[in-house]
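Participant: What follows is a predicted protein model with its sequence.
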Amino acid sequence: MNAVVRKFSQDRNLSVISVLTLTTLMVLIATLGGRFLSAGNLQSMGTQVAEFGLLALAMGLAMLLGGIDLSIVSAAVLAGIVGTKFLAGDVIAITPGNESMVMVLGAVAMLVTGMACGLLNGLLIAKVSVPPILATLATLIFFAGVGMVITDGQSVPVTIPGFAELGVATVATVPVVFVVMALVFLVVGFMLRRTRTGRRIYLYGENNVALRFTGVRNERLVIITYVLIGLIVGVAAMIMVSRVNSARVGFGESYLLQAILVVVLAGFDPYGGRGRVASLVLGLVLLQSLQSAFTILRFDPYMKTFIWGAALLLIMVIHHVLNIGSGRRSREKEPGTPPIAGPQQTLVDAEA
């Protein structure tokens, strides 16, 4: 218990998001009561948060590097379209005897397409030195264009019923897609905290010059991280397609703003090197709870977009004020700048 309290006292962002989430949940439960806590609503929340949560996790990884990935939604849609082409029988004719094989091929196509999108982003950023915001803005448009060419702007339906059933399947009343999201979060959280690659991702965001002096190949680390982002995006595409039973350009456009919102809300530093998967989970709980409350209260969809945009602005201002108050934000990225937080230990860890 004392260790938990000490952890929260040491991490201000974790403390803030925890208080915000608990307070919001208490208010929603008090005002909406059974409508919010009903089994149907909780199950719906678990299903809806799955693909969005994975996209937020992908955005968080990009921010840990000190970058951003504006193309995550376009990449997920493109991966979904490519995989759905298999599931619609456009690549291989579907027969009763090969449905399982085609489902596997469709899923693999989504993962491979997502990783290819991530690889392209990584190469542009690491090898061509294009700033992440410009590189991923360009690929956002490029991926959407490729999807448009493939589909002529039309929706591609899934014709294998078994794949669509994955989107509504449950395990002990818990949606399977939510379980998949939780497993991905556990794996990425373990990778970031317990592996050499994870420590290097944090250190790259803190000070990539210092990391280079340890002998780490920064370009390769950036490429690997963006390929990992692409893999997560591919999993999100699988969930997306299984949930809506089709794929089309333009689906999930609001996810980008919400993904940035929840990552910033969780305390991820846009300059890189700071952010916890645990905080991101709390941010998702908070955002999905509000999303569900807005639906129960029948808020206008345009009003939701206004609220998310206003919330993002407010959160950034609050973080800025808090950082000034603590005097913590004195980060510089000039070449030769020494590491800022715990450099010796982190460098040793990165070299290990």
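Facilitator: Noted; the coordinates are in hand.

Participant: how about the nearest residue to residue 309, chain neighbours excluded?
Facilitator: residue 257 (6.7 Å; Cβ to Cβ, 6 or more residues apart in numbering). C-betas here are computed from N, CA, C, even on glycine.

Participant: Repeat that for residue 256.
Facilitator: residue 73 (4.9 Å).

Participant: Burial check on the one you found, number of neighbours?
Facilitator: Residue 73 has 30 neighbours, counted by other Cβ atoms under 10 Å.

Participant: tell me the SS of it?
Facilitator: helix (DSSP: H, G, I helix; E, B strand; the rest coil).

Participant: same check, this time on residue 181
Facilitator: helix.

Participant: so who does it touch?
Facilitator: Contacts for residue 181 (Cβ atoms under 8 Å, 6 or more residues apart in numbering) come out as 49, 50, 51, 53, 54, 239.

Participant: now the residues you listed in TSV, with pLDDT and distance to residue 129?
Facilitator: Below are the contacts of residue 181 laid out as TSV (pLDDT from 0 to 100; distance: Cβ to Cβ, whole Å):
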residue	pLDDT	distance to residue 129
49	91	36
50	91	35
51	88	32
53	94	31
54	95	28
239	93	34
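
Participant: need the residues you listed in TSV with distance to residue 171 and secondary structure, can you?
Facilitator: Shown next, in TSV, are these (distance: Cβ to Cβ, whole Å; DSSP: H, G, I helix; E, B strand; the rest coil):
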residue	distance to residue 171	secondary structure
49	16	helix
50	13	helix
51	18	helix
53	17	helix
54	18	helix
239	15	helix
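
Participant: List the buried residues for the helix or strand where residue 102 lies?
Facilitator: Taking DSSP states H and E as the definition, one finds residue 102 inside helix 99-126. Under the neighbour-count criterion of 16 or more other Cβ atoms under 10 Å, helix 99-126 has 99, 102-103, 105-107, 109-118, 120-126 buried.

Participant: Burial check on residue 173, number of neighbours?
Facilitator: Residue 173: 9 neighbours (other Cβ under 10 Å).

Participant: got it, and residue 228?
Facilitator: Neighbour tally, residue 228, other Cβ under 10 Å: 19.
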